[in-house]
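Peer 1: Just the structure for this:
(chains A and B)
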Amino acid sequence: MVKQVLQIKDLSSGYGKVTVLRDINFQIVENEVVAVLGSNGAGKTTLLKTISKLISPFTGEIIFEGQNIASYPPYLVAQAGIAHVPEGGKLFVNMTVYENLLMGIYRNRKKVKEDILEEIYEIFPILRERKNQLARTLSGGEKQMLSIGRGLASQPKFIMLDEPSQGLAPKLVDEIYQKLSILKKRGITILLIEQNINYALQFAERGYVLENGRIVMEGESKELLNSEHIKKHYLGI
Amino acid sequence: MEQKKNNQVTKSLLWLLLLIIAVIIPWILGSNQYSVLLVTTVLLYGVMATLWNIIGGLAGQLDLGSFAYLGLGAFTSGTLLIRYNFTPWMGMILGGLVAAGFALLIGIPLFRFRIREVWYALTTCALVEILKVVFTMWEKVGGPVERYLPHYGSLYHMRFSSYIPYYYLMLGLLLIALGVNYRINKTRLGYYLKALGEDEIAAEVLGIDTRSCKLKALVCYSFLIGVTGGIYANMYGYIHPSFFDGQESIKVAILGIVGGRGITYGPLLAALLLVGIQEFLRASIGGDVSGLYLVIYSVILIVVVLFRPKGIATIFQDVYQRVFSRRGVEKKNVQ
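Peer 2: Now for the predicted structure:
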């Protein structure tokens, strides 16, 4: 039997009095890569923020590995093993690359830091070269890699990526997705948010389509790519 | 490796030299009590700005309430002395505890409801003014009239007949403040504070308990400021609600920012330079052209902010790097 990593039941969430997400239900099993698709303002980022508890859900359950984390503060969610790579990276720009990675590792007291670092440097060799540079001096692609690397530093079981291709040149997007496929091979469960439907559905195994805060479609990536709705609304063919 | 060791030695020697100078200053000024009071005032601002660096520099919370905690410490220690003849040597510790307890009382809801940035600044700013009014109205402890501390000239009551002992007390506090800063900088908490100071959301999603980190920083800062308050009251020999001074609180924050946020010795440097110049100008030309010292002070402030927005301390860092690292800029390795 496949182990469920994350299960979301009847979730609704939003900011203040504005409801953004309504009746969201979905689940992710171990080693799965799932994409959440949708246009601007569909509620994709809100979904991730709700899972990592940066905003509190109005109703519903978020079950991560058997425990309901809907009432956890953000730091406990992270410590439970969920890594959130926020939109735009959110790096500590006045710290060096090394220090940025260290911030992700820090709470793994017993683990040997060097091993984890070595692992990250293996995936992103450029970070080793830039180790002592301030994060603000990195290029856009390097920043994104550092942001993902920092997410990995906590050795999460589950990583959520918020538009890793945002603002990058097509060539760099390819590179980022190459790196992500390394993570996929290593068996990390990934939840991916993406506007670039082609990339997302080629990379992910399953997908959910979010529109106006509701899940309107779900299915295997191939099914979604071939569906009339997606073709018409998102791919323009 | 060898060079690194040499650098360490030079650094320690430099600090030692500064310490020796600081120790002998009152001997030179000894005959002039007013000058000793001035240098003690400079040190006081050095202590406060250095402590402010914990919450304002490292944790990035623009705290404008330092004199609230100073006043609480002063009133606790002073009232205990006046009413119960309680020695300020213990009173100042209790003052620190009261200040820290009050900070907790304020800090828990503030951080719970995620009040930060300008709103945090405004809240702390209001805190000073509120306390000032409260203590003016609260006749049993404060009231509009100064309450003088008794036992002038008694060691047990920390009421010295000269300013020199206060100078050394302040110097001791300064060393403690610097030490605490240095220690926090090196620990996990220091890194957490720096991280959340830069981007609180990023720090939260990395699993950092930002609320408790900020509280720890706030308690640390307010406790030591409270202790300083005990000495402050004894030095001036009275307690009065005007100790809750909003303008001076802002000045402490300015010193912290101008000196270099997050740099251990930055705020001290700014205090030595700016408060030093200010007090010197006030003493030397204040009588002839009243207000001119403020103009000069402001011009210096503007120049610093224009050319060294990261703080005066960066000048020294640049010079230090140019002198000591042979091949370009060697970034320090963390750990």
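Peer 1: contacts, neighbours, all on C-alpha from now
Peer 2: Fine.
Peer 1: Which strand or helix spans the residue of chain B found nearest chain A?
Peer 2: Chain A sits closest to B:Gly207 of chain B, with a gap of 3.8 Å, by CA to the nearest CA. Counting by DSSP states H and E, no helix or strand carries B:Gly207.
Peer 1: and what of B:Glu279?
Peer 2: B:Glu279 belongs to helix B:276-285 when assigned by DSSP H and E.
Peer 1: List the buried residues for that helix?
Peer 2: The neighbour-count check on helix B:276-285 (16 or more other CA atoms under 10 Å in any protein chain shown) flags B:276-282 as buried.
Peer 1: Same question for stretch B:234-244.
Peer 2: Using 16+ other CA under 10 Å as the test for burial, stretch B:234-244 gives B:234-235, B:237-244.
Peer 1: and which of these is nearest to A:Ser147?
Peer 2: Ranked by distance to A:Ser147 (CA to CA), the buried residues of stretch B:234-244 are led by B:Phe244 at 44.1 Å.
Peer 1: my guess is the closest one meets B:Leu131, correct?
Peer 2: Yes - counting by CA atoms under 8 Å, B:Phe244 touches B:Leu131, with 6.7 Å between them.
Peer 1: hey, what's in contact with both of those two?
Peer 2: B:Ala68 (CA atoms under 8 Å, 6 or more residues apart in numbering or on different chains).
Peer 1: Could you list every helix and strand that the helix or strand where B:Arg83 lies packs against?
Peer 2: Per DSSP H and E, B:Arg83 falls inside helix B:66-84. Packing partners of helix B:66-84 (3 or more CA pairs under 8 Å, 6 or more residues apart in numbering or on different chains; DSSP states H and E): helix B:88-112, helix B:117-137, helix B:210-236, strand B:238-239, helix B:246-259.
Peer 1: what about 10 Å?
Peer 2: Helices and strands touching helix B:66-84, by 3 or more CA pairs under 10 Å, 6 or more residues apart in numbering or on different chains; DSSP states H and E, are helix B:33-52, helix B:88-112, helix B:117-137, strand B:147-148, helix B:210-236, strand B:238-239, helix B:246-259.
Peer 1: Would the fifth one count as contacting chain A?
Peer 2: Yes - applying CA under 10 Å from any CA of the partner chain, one finds helix B:210-236 touching chain A at B:210-211.
Peer 1: Could you tell me how far the host helix or strand of A:Thr45 lies from the centre of the chain?
Peer 2: Secondary structure from DSSP H and E places A:Thr45 in helix A:44-51. From the chain centre to the centre of helix A:44-51 is a distance of 10 Å (CA atoms, centre = their mean, to the nearest Å).
Peer 1: so the helix or strand following that helix versus helix A:44-51, what angle?
Peer 2: Using DSSP H and E, the helix or strand that follows helix A:44-51 in sequence is strand A:59-64. For strand A:59-64 against helix A:44-51, the angle by axes from the mean of the first three to the mean of the last three CA atoms, to 10 degrees is 70 degrees.
Peer 1: in strand A:59-64, what counts as buried?
Peer 2: Neighbour count says strand A:59-64 has A:60-64 buried, by 16+ other CA under 10 Å.
Peer 1: any chance of the residues you listed in a markdown table, with pLDDT and distance to chain B too?
Peer 2: Converted to a markdown table, the buried residues of strand A:59-64 look like this (pLDDT from 0 to 100; distance: CA to the nearest CA, whole Å):
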| residue | pLDDT | distance to chain B |
| --- | --- | --- |
| A:Gly60 | 88 | 21 |
| A:Glu61 | 87 | 19 |
| A:Ile62 | 89 | 16 |
| A:Ile63 | 88 | 18 |
| A:Phe64 | 88 | 16 |
